[in-house]
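> got a sequence here, can you build the structure:
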Amino acid sequence: MTPALLLIAHGSRDPRHAATVAALVEQVRAQRPALEVATAYLDHCAPRIPQVVGRLTDAVAVPLLLNRAFHAKHDIPAALRAAGAGLPVADVLGPSPLLLDALDRRLAEAGLDLASAAVRSRTGVVLAAAGSSDPAADAATRAVAAEWRRTRGWAAVEVAYASASGPRVPDALAALRTAGASCTAVAPYLLAPGLLPDRIAAAAADADVLADPLGPAPELAALLLERYDQGRLAAATVPALTA
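Predicted coordinates:
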């Protein structure tokens, strides 16, 4: 039997978070109708991991996380162990070209003409992330920003954080203008609406373009399936190598 995809999201008190996760799951099901997809949350929302894993005979856990920080390294493995579930855990979503495609999609939907190389060459973009106490996670976000500029031809890409230490969105916008960008855009590197995206939006009041969070983008659904396939293959390979 094909293992189910167990999507593990962080959860939020903001109802928009769970609604976005549900919409993303529908995107995944639309792209692979025969695959069983279940959702569990680490915190704030239901169902939690113990409520879900007991009814899954076989599954690959896929974290709905952009970077490999504390939740991926510690919280999800600990929650699965506590639930008595020895499931294989796929990699986090980032980095991936599909995330860059999803970021592009949201900027285009916000009105930026991405088809024009001239527009891109004069546009500076703020990649506005949550921020992390894990230096490796923040370094991964900076690497995404560098790759986004290199592959898309932006005038510049600056990273800003909505929590943890700076720089903040206004600092990044000022840096873009100093670097000569005549148009500025803010792209939330976040999965769903909530407190941090709202904070980013408030701080981006003087940007020319403000994109929505990644949300249920089809590229994000495709990436979840890609991580699921990789996790399933890795789980099948390990017993064969150790037999």
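> hmm, who's touching the helix or strand bottoming out on mean pLDDT in the chain?
In the chain, no helix or strand scores lower on mean pLDDT, DSSP states H and E than helix 70, which sits at a mean of 76. With C-beta atoms under 8 Å, 6 or more residues apart in numbering as the test, helix 70 has contacts from 132-134. The C-beta positions use only the backbone N, C-alpha and C, and glycine is treated the same way.
> which helix or strand lies directly C-terminal to it?
Once the chain leaves helix 70, the next helix or strand it forms, by DSSP states H and E, is helix 76-82.
> pull out the buried positions in that following helix.
Neighbour-count burial for helix 76-82 flags 76, 79-80 (criterion: 16 or more other C-beta atoms under 10 Å).
> same thing with stretch 220-232?
220-228, 231-232.
> before we move on, back to that, out of the contacts of helix 70, who has the most neighbours?
Tallying neighbours with other C-beta atoms under 10 Å puts Ser132 at the head of these, with 22 neighbours.
> contacting residues around it?
So Ser132 contacts 67, 69-70, 138, 164 (C-beta under 8 Å, 6+ apart).
> quick one: the contacts of helix 70 as CSV, columns for distance to Tyr41, secondary structure and pLDDT too.
Shown next, in CSV, are the contacts of helix 70 (distance: C-beta to C-beta, whole Å; DSSP: H, G, I helix; E, B strand; the rest coil; pLDDT from 0 to 100):
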residue, distance to Tyr41, secondary structure, pLDDT
Ser132, 20, coil, 87
Ser133, 22, coil, 85
Asp134, 21, coil, 87
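> one step back: buried ones among the contacts of Ser132?
67, 69, 138.
> surely the last one meets Gly131?
Yes: under the criterion of C-beta atoms under 8 Å, Asp138 is in contact with Gly131, at a separation of 6.8 Å.
> and the helix or strand containing Ala61, how far out from the chain's middle?
Using DSSP H and E, Ala61 falls within strand 59-63. Put simply, strand 59-63 sits 15 Å off its chain's centre (C-alpha atoms, centre = their mean, to the nearest Å).
> cool, and stretch 99-114?
On C-alpha atoms, centre = their mean, the centre of stretch 99-114 falls 15 Å from that of its chain.
> can you tell me what sits against it?
Residues contacting stretch 99-114 (C-beta under 8 Å, 6+ apart): 66, 93, 119-120, 123, 125, 127, 144, 147-148, 151-152, 183, 185, 187-189, 209-215, 217, 219-220, 223.
> buried sites along it?
So stretch 99-114, judged by 16+ other C-beta under 10 Å, has buried residues 99-107, 110, 112.
> which non-adjacent residue is nearest Pro193?
Arg16 (4.0 Å; C-beta to C-beta, 6 or more residues apart in numbering).
> state the distance from Val37 to Asp91.
18 Å (C-beta to C-beta, to the nearest Å).
> likewise Asp138?
Distance of Asp138 to Asp91, computed by C-beta to C-beta: 18 Å.
> helices - which of the contacts of stretch 99-114 land there?
Members of the contacts of stretch 99-114 lying in helices (criterion: DSSP state H): 119-120, 144, 147-148, 151-152, 219-220, 223.
> closest to the centroid, which residue in this protein?
Leu66 (3.8 Å; C-alpha atoms, centre = their mean).
> who touches the spatially closest residue to it that is not a sequence neighbour in this structure?
Nearest residue to Leu66, sequence neighbours excluded (C-beta to C-beta, 6+ apart): Gly94, at 4.5 Å. By C-beta under 8 Å, 6+ apart, Gly94 lies in contact with 66-67, 140-141, 144.
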